[in-house]
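*Asks:* can you look at this prediction? I've put the sequence above it.
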Amino acid sequence: MRRRNFITLIGGAAAWSVAARAQQSLPTIGFLDPRSPEAAADLVGAFRQGLKDTGYAEPDTVSIEFRWAQGRYDRLPALASELVSRPVAVLVTAGGAPSVLAAKAATSTIPIVYVAGGDPIAMGLVASLNRPGGNITGVNMFTVMLGGKRLGLLRELAPGGALIAVLLNPENPRNFETQEKEVKDAARAVGQQVHILGASTEPELDAAFGSLRELRAGALLVGADPFFYSRRDRVVMLAARHAIPAMYEHRDFTAAGGLMSYGTNFTDSYRQAGRYAGRVLRGEKPGDLPVVQATKFELLINLKTAHTLGLTVPNSMQLLADEVIE
């Protein structure tokens, strides 16, 4: 081998070794989500932007390992344990209670930043909102705590006295129980008849919508759940096929053709989660970072869908809406 070629090989090997060591030295974030990459693409983008706000960006200063449950909540504990074993510097859990509870069971030492919609104190995640303590903090979006408000808004468009069906996911028991209680308490207070339907698979979604006519339901409240969100196009399509006025948790349903939605801004919440992950990477302790409380709630109404359903949306409701799609 010629000396020049030998020196080139040595130099290339050394450069590769340096690059490899640099890559290995980057902090790694574990990202656990019950949905699919396609369903959460925009939210992951917002998370990455939050990281960038704190000076971390792939592939130069941080790496991210994703684990997706593809709607199978029973896979989350194993996926959480897998990320913990890597190991990761921060474990970010998206998509609500199932993810963060799986992460909590997998580690009591690795920092966890969550995005969820339930009460973090009731779930045993934090000691208090201002001083979480322990290894967990995050963003509370209140998504599962708005059932009563959503029911009230839906009643304004539902036929008077008609039963309202409520679609929840029994594979997400904490969300199911919280939303069932919220909705039933709100319904009882105003004398509204409701019926709870369960679905955690696509065949069960079809069956739930198929039962609406037999129930003589006048409207449908779709509960807050990552499974429904990840299949929002299908849920909206089924509502249109069965000509049922439906209320949803997030603007993406309404943008896809759903009648109306009321909830928090997911993009803001995931960007904040990215910022918190960056702050933890910089050395701050989760127990010292207050749980972020979502403060912006959005009402969207799709007038085109309302007209297709033969509904008249009162001007008073349109004026309340943050956005009206025509």
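*Replies:* Received it, and whenever you're ready, just let me know what you need. Here the structure is a predicted model, which is why all the values come from computation and not from measurement.

*Asks:* S269 and A94: what is the separation?
*Replies:* 10 Å (CB to CB, to the nearest Å). In this view, the C-beta of every residue, glycine as well, is placed from N, C-alpha and C.

*Asks:* so what sits against both of these two?
*Replies:* Jointly contacting S269 and A94 under the rule CB atoms under 8 Å, 6 or more residues apart in numbering are V115.

*Asks:* and the protein, what are its domains?
*Replies:* Following automatic domain parsing, one gets these domains for the chain: 3-143+265-296, 144-263+298-325.

*Asks:* packing partners for the helix or strand K184 falls within?
*Replies:* Secondary structure from DSSP states H and E places K184 in helix 173-190. In this structure, helix 173-190 packs against helix 97-106, helix 147-155, strand 163-168, strand 194-198, with contacts taken as 3 or more CB pairs under 8 Å, 6 or more residues apart in numbering; DSSP states H and E.

*Asks:* quick one: contacts of that helix?
*Replies:* 96-98, 101, 117-119, 123, 144-148, 151-152, 155, 164, 166, 168-170, 192-194, 196, 198, 221, 223-225.

*Asks:* from these, which would you call buried?
*Replies:* Neighbour-count burial within the contacts of helix 173-190 applies to 96-98, 101, 117-119, 123, 144-148, 151-152, 155, 164, 166, 168-169, 192, 194, 196, 198, 221, 223-225; the criterion is 16 or more other CB atoms under 10 Å.

*Asks:* now the most centrally placed residue in the chain: phi and psi?
*Replies:* Nearest to the mean C-alpha position of the chain, by CA atoms, centre = their mean, lies G95 at 3.5 Å. Per-residue torsions, G95: phi 80, psi 20 (degrees, to the nearest 10).

*Asks:* okay, now the unreliable bits of the protein?
*Replies:* Along the chain, segments meeting pLDDT under 70 span 1-24.

*Asks:* ok, T93 touching V113?
*Replies:* Yes. T93 lies in contact with V113 (CB atoms under 8 Å); the separation is 7.5 Å.

*Asks:* what sits against T28?
*Replies:* Residues counted as contacts of T28 (CB under 8 Å, 6+ apart) are 62-65, 86-89.

*Asks:* just give me the neighbour total for P37.
*Replies:* A total of 11 residues lie near P37 under the criterion other CB atoms under 10 Å.
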